[in-house]
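Peer 1: sequence and predicted structure, then a few things I'm wondering about:
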Amino acid sequence: MSVTVLIILVTAGISVWAWNNPTIMDRWIMNPYRVASRGEYYRLLTSGFLHADWGHLIFNMLSLYFFGGFIEQVFGLLFEGSGALYLIGFYLVGILVSDIPSFLKHRNDPGYNSLGASGGVSAVIFAAILFRPLTPIYLYFIPIGIPGFIFGALYLAYSYYEAQRGRGNVNHDAHFYGALFGIVFMIVVYPLVLPQFIEQIAGWRPF
């Protein structure tokens with residue numbers, strides 16, 4: 001079994017468990033106020049294994065499935081013999097890092113909660129885009145694919161804009177900072193990915 005599939009199964013299992021056990025949901029959800037006032041820093045990580053509903057869970061896990069397999073192969077080549085451990089660590093740190101801005105922004109708000117694997121999933125997606133920037137990405141049922149590097153730029157701009165607005169229930173900060181973490185991590189561990197990325201997009205033509 002691949003590490004990506006294992007992460008998906010564990011996340012799905014914990015999410016369903018929490019839906020049927022309100023105590024677990026309350027104890028593990030990301031509540032910045034409780035983190036700050038009670039020192040419950042574990043919530044920065046456990047919240048990444050919780051989801052609001054089936055739609056939220058399926059969307060995140062499908063995204064992880066489509067991109068995680070490729071990054072799993074990349075890590076297997078970069079860290080021979082330790083690729084699985086690096087992928088798990090990369091994913092978990094992506095969740096952790098992406099929750100820090102939300103923690104700092106809402107640590108005095110007892111009513112704010114956040115959950116979902118979006119930070120870790122965004123890290124995986126953007127790591128994949130660095131290696132394959134021209135691979136088309138399809139949104140929902142739109143039949144026209146958007147090249148990865150264009151999708152990535154639009155995604156970052158939209159996430160940043162919505163995070164600044166601060167409206168709605170979606171944690172756009174987690175999307176934005178999870179994506180940035182994925183980009184920075186890959187450039188640090190494999191610097192050649194940046195010139196390769198630039199070379200690929202420089203040769204791209206829309207028609």
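Peer 2: Yes, it's here.

Peer 1: cross-check the contact I'm expecting between residue 74 and residue 132.
Peer 2: No. Using C-beta atoms under 8 Å, residue 74 makes no contact with residue 132, being 10.0 Å away. All C-beta atoms are positioned from the backbone trio N, CA, C, and that covers glycine.

Peer 1: looking at the two, which is more packed in?
Peer 2: A side-by-side neighbour count of residue 74 and residue 132, using other C-beta atoms under 10 Å, places residue 74 first with 22 against 17.

Peer 1: and the residue lying closest to that one once chain neighbours are set aside, how many neighbours?
Peer 2: Spatial nearest neighbour of residue 74, excluding adjacent residues (C-beta to C-beta, 6 or more residues apart in numbering): residue 131 at 6.4 Å. Residue 131 has 18 neighbours, counted by other C-beta under 10 Å.

Peer 1: ok, residue 138 next?
Peer 2: Residue 138, neighbours per other C-beta under 10 Å, totals 12.

Peer 1: what's the answer for residue 179, then?
Peer 2: Under the criterion other C-beta under 10 Å, the count of neighbours that residue 179 has is 27.

Peer 1: give me the pLDDT for residue 14.
Peer 2: The score at residue 14 is 97. That number is its pLDDT.

Peer 1: is it in contact with residue 48, as I believe?
Peer 2: No. Using C-beta under 8 Å, residue 14 is not in contact with residue 48, being 9.5 Å away.

Peer 1: the two: which is more packed in?
Peer 2: Between residue 14 and residue 48, counted using other C-beta under 10 Å, the more crowded position is residue 48 (30 against 17).

Peer 1: isn't the more buried one right next to residue 95, touching?
Peer 2: Yes. Using C-beta under 8 Å, residue 48 is in contact with residue 95, at 3.5 Å.

Peer 1: strands of the chain, residue ranges please.
Peer 2: Using DSSP state E, the strands of the chain run over 136-137, 146-147.

Peer 1: let's have the ones you listed in CSV, adding distance to residue 194 and mean pLDDT.
Peer 2: Listed next are the strands of the chain as CSV, based on distance: least, C-beta to C-beta, whole Å; pLDDT from 0 to 100:
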stretch, distance to residue 194, mean pLDDT
strand 136-137, 20, 88
strand 146-147, 17, 88
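
Peer 1: can you put those strands in a markdown table and add mean neighbour count?
Peer 2: What follows is the strands of the chain, written out as a markdown table (neighbours: other C-beta atoms under 10 Å):
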| stretch | mean neighbour count |
| --- | --- |
| strand 136-137 | 16 |
| strand 146-147 | 17 |
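
Peer 1: got a markdown table for the ones you listed, with distance to residue 89 too?
Peer 2: Shown next, in a markdown table, are the strands of the chain (distance: least, C-beta to C-beta, whole Å):
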| stretch | distance to residue 89 |
| --- | --- |
| strand 136-137 | 25 |
| strand 146-147 | 29 |
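
Peer 1: nearest to residue 4, out of the ones you listed?
Peer 2: strand 136-137 (17.5 Å; C-beta to C-beta).

Peer 1: okay, now the sheet partners of the closest one, with direction.
Peer 2: strand 146-147 (antiparallel) (DSSP bridges).
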